[in-house]
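Enquirer: Give me a 3D structure for the following:
(3 chains, ligands or ions: 3)
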Amino acid sequence: MAVKVSLKVNGKSVSVEVEERTLLVTVIRENLRLTGTHVGCDTAQCGACTVSMNGKAVKSCSILAMQAEGADVMTIEGVAKADGTLHAMQAAFKEHHGLQCGFCTPGMVMNAIDFAKSHPNPSEQEIREALEGNLCRCTGYHNIVKAIGAGAKAMAAGK
Amino acid sequence: MGAPLIGARVERKEDYRFLTGAGQYTDDVDLPRQAYAVFVRSPHAHAVIKKINSAKAKKSPGFVAIYTGEDFAAAKLGGLPCGWLITDVNGQPMKEPPHPCLAQGKVRYVGDQVAIVVAETSEQARDAAGLVEVDYEVLPAVVDGSRARAKGAPQLHEIAPDNTCYVWAIGDKAVTDAAFAKAAHVTKLEFINNRLVPNAMEPRVAIGSYSRSDDNYTLYVASQNPHVERLLMTAFVMGLPEHKVRVVAGDVGGGFGSKIYLYAEDVAVTWTSKQINRPVKWTSDRSEAFLTDAHGRDHHTVAEMAMDKDGKFLGMRVKTTANLGAYLSTFASCVPTILYATLLAGQYKTPVIHCEVTAVFTNTTPVDAYRGAGRPEATYVVERLVETAAREMKIDPAEIRRRNFITEFPYQTPVALQYDIGNYNATMDAVQKLADVSGYASRKKASEAKGRLRGLGYAAYIEACGIAPSAVAGALGARAGLFEAGEVRVHPTGSVTVFTGSHSHGQGHETTFAQVVADRLGMPIENVDIVHGDTSKILFGMGTYGSRSIAVGGTAIVKALDKVIAKGRKIAAHLMEAAESDVEYDRGVYTVKGTDKKKMFGEVAFAAYVPHNYPHDKLEPGLNENAFYDPANFTFPAGSYVCEVEVDPETGVVKVEKFSAVDDFGNIINPMIVEGQVHGGLTQGIGQALTEGARYDATGQLTTGSFMDYCIPRATDVPFYQVDTRVTACTHNPLGVKGCGEAGAIGAPAALMNAITDALGVKDMPMPASPQAVWTALKNKK
Amino acid sequence: MHAFKYHRPASVNDAAALAKGEAKLLAGGQTLVQTMKLRLASPSDIIDLGTIKDLAGIKSDGKSVTVGAMTRHAEVAHSADVKKAIPALAALAGMIGDRQVRAMGTCGGSIANNDPAADYPAAVLALNATITTNKGKYEADKFFKGMFTTALGAGEIITSVSFQVPKRAAYTKFKNPASRFAIVGVFVADFGGSVRVAVTGAGPAVFRQADMEKALGAKFAPESVANIKQKQDGLNSDMHASAEYRAHLVTVMARRAVEAALR
Ligand SMILES: Cc1cc2nc3c(=O)[nH]c(=O)nc-3n(C[C@H](O)[C@H](O)[C@H](O)COP(=O)(O)OP(=O)(O)OC[C@H]3O[C@@H](n4cnc5c(N)ncnc54)[C@H](O)[C@@H]3O)c2cc1C
Ligand code: FES
Ligand code: FES
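Expert: Ligands and ions are numbered 1, 2, ... in the order given. Below you'll find the model as predicted:
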């Protein structure tokens, strides 16, 4: 049966009619056509679907749309400034070559931004542990870890 | 004219869209009126289909259509072809059993397609597919390659007795045996090169769309080589003329080989879109990907190396059984032969080599090229043998390698290939410094003081890339050419669009190729865009795999650029009223020898499109050139790796403490991108050695069918890498490049297993060296 | 996912009234949504506990730490109260899955689910916790019944869990390389005189290691457990770890937990 879900996505209030069995990621990708959030697995392990919900990084493939009623959701499309300037974390990924095919990237960036909020100057080990829930098959993580370290510092410096 | 772009660490042009969620992967494409497909798949590894009852499915909400193997047979759709013919030891062609898109009467692995079900939404398609009742008569299965030819083993295909696709060999057996007879020492190993699941992070997607008005099809597909996909699908399966089919592979989220092949799902959605006159979309989920993306490796090998008393290699003997899975995937047949046995010389002067390969069918997912494809298996054989021989003969492992390195080029190996150039001592010297091998003894002591075991291992790999000289490949059985195409379209005001038959799915072609072009044309990189992945835009292409893009695809672009520059010279000569032979060109500037006359490339381009003052009697207007490039030889990237591990003997946990890699990829266009390729390759190689391995139970169920059980490396499993390069420029392409995409995955497993066996003090142990496996190896040693 | 009807009750009583037949309670969904997605579970109704007030939160009174059923793993991991009273519990919560999973997954969901490889059950058992439901209270020792089964009746709702504050404690986890759940996790809690040792991951459900408890009760030191062998009978065995390997890891992890507790 179709039901209504209302939430805020990237600062805009939206309402969609969906089947009750719909996942949050499906609303984001199919109803709102925000296709930067990806689906890379069906066991909640890859993190490609990571978005921010009420200020916390979560896996949108493992949340029912109904659970997000009233929530404030940010997807990768909402991260850069309105004029297109990259967020400090995005810029750090670019500078440090923290992405190759780009498929894991939105999830990586969403998780990294959330992580950096509480870790302004993270150690290599802290960064690696923070990536437990994000798989990348291309980069070997080397440059992602570097990018997150630099991005966190830049965020702390208010960039 | 700015600083040279070739060799610069240029940030990637494609990153902005990926970082902002603006990438357009195939699943991001939605077409009006699109319906969704789900495949009914076999839950059994081997069974006869007795009956398919779709009555309930047809009543399911949103149901649109169902087609089975019978429908496909009635429509005379062909089976999936294999692109490489191997001729066996008796001069007979390999056995090529039919590979139907939807099963015809029998299923041969878990995941084999039985029916395509289409509905209004993807969940409804799943609902309906779940209601299709298939009556199976389950047959016994064989999953282990080394048992496929055993007496009484279940038989997969009528036309392939003993489940044998071919028995193939290379090298002179008698001469090799004679070398072993003279040996002072023989080192022998028997091991399995574990089966891997590629797991590109983007699962496969295919959207077929038929247009009645134009009677043509468009297939949007996550593919590494859209033209090859089109060629195979039109010519071999659907019997369509190529101009009626467009294949679009937009942004692709990693491939590693798994997206080279023509898959049944691609054909099925394309064909079905015409039947229902609607676009049909199929998105694989990860569980399906585990079952149906072509797997990699899966060799069982017995290998021996013969040495004289000084550790000089006298000969090598290798016997391999390659498990091809249930059917021949697109390039399956050439992986354990042409891409494997021809690399067994490695970096060494081993004078004689004999290798026999038996390729078998089993009730498992088809196996094909996965990052490295044959070359990691070859490197593993050579480098495990060499390291073991060094230990047995008490020679330093670097030293035994140096005693045997090829030092004079070109070098003809005993296994068909001719290496054009290399400097193996240089990469070995560099990696020993980078890895601080001289400080190893004290690090080992420190580990021991903590109750840990420490080990160090080398691997000196070689690979044949830049695939491939078509005539050579053809003589070896390739059923296609392996050239590449490129087109350089100069616009009137001097900016450039380049069309390439290579495909980027992470490699960064939009940047590296643009660097090459912008550098040659002396323009900012922003003025060059690279287009790939659409058969309606690009003249032709063989795609990206085998680390061929820069060496073959890049060269095609350079050839087209040469033509553009040559035509520009004629135009410039006219504009400057000089003889063509007096006009010189350097990075965007035409000058007349001995004068201060000059014309910028942009002015020349403008003149070509606004030909008011133009040599119309000699030249056509416009500035647009294309080129096809067929390489003269393979390229031979090579390098030396050193891996250092620390093992917790109580738990068996292996920590990769240090990994140093020095590669020779020839000239380098963008070191940042090259380093990234090495990091990724190393991590996949570490994955093979430490964490990954597909496992089937005796009935043919894949027991590692999700990330819950199949472990691809996470960030905590790998260290920061130390990487560097040394350069010997490739001698036969104008950029002097060799390719870098697979190296890490080729060299890492041997280096890691050499380090682990060193730490444990055992001769050998199976991959992956999981904690349990390491703990068991230590226990068995006691 | 199969279709279901979704409910958003305002109170535990409303939720209990809805929790009938094939209905399922939904907490963080980190387990349930997965199983539904893979069509391994197909409840008729989903009762979302997420919007019920007062089910989440942490209270600490020096003797015990009470964690509301809907408290997310991340909240427990980062709670200053928990870190002060039972640092091992905060550490355990911080080892569950990954940070995105910890942002959603709940204490109540984890305990109700009783996955043989889950972490929380080890804390519940070792810290002699009391599980409070809408129907009553359970002692830890009587709560976990076997693989994925607990003492909870049909539709019964956990509201909070009270962990007793030990003198010292530690949890060590040997992770499954792929799933990152526990292959073996050992929680050691010293209550001054009595010691409780709970082992998760190794068997079909969390269990107490009596030999180790006795030895540690006599002397809380690593060497007390270093040579105590865990029996292999009845332990889990899979491709990642045989029963023999798990048994061995129980001893190693227990010794390391004692070392950590003494640090
Ligand atoms: C990638 C990943 C990694 C993970 N790793 C770990 C790990 O390392 N260690 C670990 O322990 N867990 C792990 N988990 C599981 C995670 O901790 C789950 O959050 C937890 O098991 C279930 O909690 P939940 O709140 O998500 O419950 P749900 O998934 O919502 O519910 C689980 C079950 O409990 C029932 N239930 C929920 N709340 C109540 C209640 N209050 N009263 C009665 N019944 C209730 C539900 O009906 C359902 O049957 C992992 C999960 C994922 C996705
Ligand atoms: S798609 Fe959500 S974790 Fe993989
Ligand atoms: S960049 Fe391709 S998966 Fe991470």
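
Enquirer: Now do the same contact list for the residue in the stretch 501-650 of chain B that ligand 3 sits nearest to.
Expert: Proximity of the stretch 501-650 of chain B to ligand 3 (C-beta to the nearest ligand atom) peaks at B:G506, 5.2 Å away. Quick note: C-beta positions are derived from backbone N, CA and C, even for glycine. Counting by C-beta atoms under 8 Å, 6 or more residues apart in numbering or on different chains, B:G506 touches A:Q100, A:C101, A:G102, A:C138, B:V252, B:G253, B:G254, B:G255, B:G680.

Enquirer: which SS class is B:I530?
Expert: Secondary structure state of B:I530, per DSSP: H, G, I helix; E, B strand; the rest coil, is strand.

Enquirer: per-residue confidence for residue 4?
Expert: Since you didn't name a chain, this refers to chain A. As predicted, A:K4 sits at a pLDDT of 96.

Enquirer: Chain B, not that one
Expert: 88.

Enquirer: same thing with B:M1?
Expert: B:M1 is assigned a predicted lDDT (pLDDT) of 50.

Enquirer: re earlier: phi, psi for the residue of the stretch 501-650 of chain B closest to ligand 3 please.
Expert: phi 130, psi -20 (degrees, to the nearest 10).

Enquirer: Once you drop chain neighbours, what's closest to the residue in the stretch 51-200 of chain B that ligand 3 sits nearest to?
Expert: The nearest approach of the stretch 51-200 of chain B to ligand 3 comes at B:A200, 7.3 Å away (C-beta to the nearest ligand atom). Leaving aside its sequence neighbours, B:A200 sits nearest to B:G254 (C-beta to C-beta, 6 or more residues apart in numbering or on different chains; 3.4 Å).

Enquirer: quick one, what contacts that neighbour?
Expert: B:G254 neighbours (C-beta under 8 Å, 6+ apart): A:Q100, A:C101, A:F103, A:R137, A:C138, B:A200, B:M201, B:E202, B:H505, B:G506.

Enquirer: and which of the contacts of B:G506 is nearest C:M1?
Expert: Checking the contacts of B:G506 against C:M1 with C-beta to C-beta, the nearest one is B:G253 at 23.8 Å.

Enquirer: Need the pLDDT of the residue in the stretch 151-263 of chain C that ligand 1 sits nearest to.
Expert: As assessed by C-beta to the nearest ligand atom, ligand 1 sits closest to C:I158 within the stretch 151-263 of chain C, at 3.7 Å. Looking at C:I158, its pLDDT is 98.

Enquirer: What residues sit buried inside stretch B:234-249?
Expert: Buried positions in stretch B:234-249, judged by neighbour count with 16 or more other C-beta atoms under 10 Å in any protein chain shown: B:T234, B:F236, B:V237, B:M238, B:L240, B:V245, B:R246, B:V247, B:V248, B:A249.

Enquirer: Do you know the pLDDT at the fourth one?
Expert: Among the per-residue scores, B:M238 holds a pLDDT of 95.

Enquirer: Tell me who's in contact with the one residue in the stretch 151-263 of chain C that gets nearest to chain A.
Expert: Nearest residue of the stretch 151-263 of chain C to chain A (C-beta to the nearest C-beta) works out as C:R180 at 6.5 Å. By C-beta under 8 Å, 6+ apart, C:R180 lies in contact with A:E132, C:G97, C:D98.

Enquirer: Do I have it right that the last one meets A:G47?
Expert: It stands for C:D98. Yes - between C:D98 and A:G47 there is a contact at 7.3 Å, judged by C-beta atoms under 8 Å.

Enquirer: These two: who's more crowded?
Expert: More crowded of C:D98 and A:G47, by other C-beta atoms under 10 Å in any protein chain shown: A:G47, with 29 against 22.

Enquirer: That one: what's it in contact with?
Expert: A:G40, A:K59, A:C104, A:G107, A:M108, A:N111, A:G133, A:N134, A:L135, C:D98, C:Q100.

Enquirer: ok, 10 Å please
Expert: A:38, A:40-41, A:57, A:59, A:61, A:104, A:106-108, A:110-111, A:131-136, B:201, C:98-101 (C-beta atoms under 10 Å, 6 or more residues apart in numbering or on different chains).

Enquirer: repeat for B:L690
Expert: Applying C-beta under 10 Å, 6+ apart, the residues contacting B:L690 are B:645, B:654-656, B:711, B:713, B:717-718, B:748-749, B:752-753, B:756, B:767-771, B:773-774, C:177.

Enquirer: list the contacts for the nearest residue to A:V18 once chain neighbours are set aside?
Expert: Spatially, and ignoring its direct neighbours in sequence, A:V18 is nearest to A:A65 (5.5 Å; C-beta to C-beta, 6+ apart). By C-beta under 10 Å, 6+ apart, the residues touching A:A65 are A:3, A:5, A:7, A:16, A:18-28, A:31, A:71, C:6.

Enquirer: In three-state terms, label B:K445 for me.
Expert: Put simply, B:K445 is helix when judged by three-state DSSP.

Enquirer: and it, how many neighbours does it have?
Expert: Neighbour count for B:K445, taken as other C-beta under 10 Å: 10.

Enquirer: ditto for A:E17
Expert: Neighbours of A:E17 (other C-beta under 10 Å): 10.

Enquirer: Please confirm that it is located within a strand.
Expert: Yes - read with three-state DSSP, A:E17 is one of the residues of a strand.

Enquirer: Against chain C, how distant is it?
Expert: 14 Å (C-beta to the nearest C-beta, to the nearest Å).

Enquirer: how close does that residue sit to ligand 2?
Expert: To ligand 2, A:E17 is 24 Å away according to C-beta to the nearest ligand atom, to the nearest Å.

Enquirer: check whether the helix or strand hosting A:V51 contacts ligand 3.
Expert: Here A:V51 is covered by strand A:50-53, with elements defined by DSSP states H and E. No - residues of strand A:50-53 are not located near ligand 3 by C-beta under 6 Å from any ligand atom, the shortest gap being 12.6 Å.

Enquirer: Who are the packing partners of that strand?
Expert: Judged by 3 or more C-beta pairs under 10 Å, 6 or more residues apart in numbering or on different chains; DSSP states H and E, strand A:50-53 is in contact with helix A:24-26, strand A:56-59, strand A:72-74, helix A:105-118, helix C:99-104.

Enquirer: what angle sits between the very next helix or strand once past the third one and helix A:105-118?
Expert: Tracing the chain past strand A:72-74, the next element assigned as helix or strand by DSSP H and E is helix A:88-95. With axes from the mean of the first three to the mean of the last three C-alpha atoms, to 10 degrees defining the directions, helix A:88-95 sits at 130 degrees from helix A:105-118.

Enquirer: so how far is helix A:88-95 from its chain's centroid?
Expert: Helix A:88-95 sits 14 Å away from the centroid of its parent chain (C-alpha atoms, centre = their mean, to the nearest Å).

Enquirer: Alpha carbons of stretch B:705-718, as PDB, please.
Expert: Output of stretch B:705-718 as PDB, limited to C-alpha atoms (Å, rounded to 0.1, in the frame of the first residue of the first chain):
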ATOM      1  CA  GLY B 705      28.400 -15.800  -1.300                       C
ATOM      2  CA  SER B 706      28.400 -12.500   0.400                       C
ATOM      3  CA  PHE B 707      30.700 -10.000   2.100                       C
ATOM      4  CA  MET B 708      29.700 -11.700   5.400                       C
ATOM      5  CA  ASP B 709      31.900 -14.600   4.400                       C
ATOM      6  CA  TYR B 710      34.000 -13.400   1.500                       C
ATOM      7  CA  CYS B 711      36.500 -10.900   2.800                       C
ATOM      8  CA  ILE B 712      37.800  -8.200   0.400                       C
ATOM      9  CA  PRO B 713      40.400  -6.100   2.200                       C
ATOM     10  CA  ARG B 714      39.300  -3.300   4.400                       C
ATOM     11  CA  ALA B 715      41.300  -0.200   5.300                       C
ATOM     12  CA  THR B 716      42.500  -1.900   8.500                       C
ATOM     13  CA  ASP B 717      43.900  -4.900   6.600                       C
ATOM     14  CA  VAL B 718      46.500  -3.000   4.700                       C
END
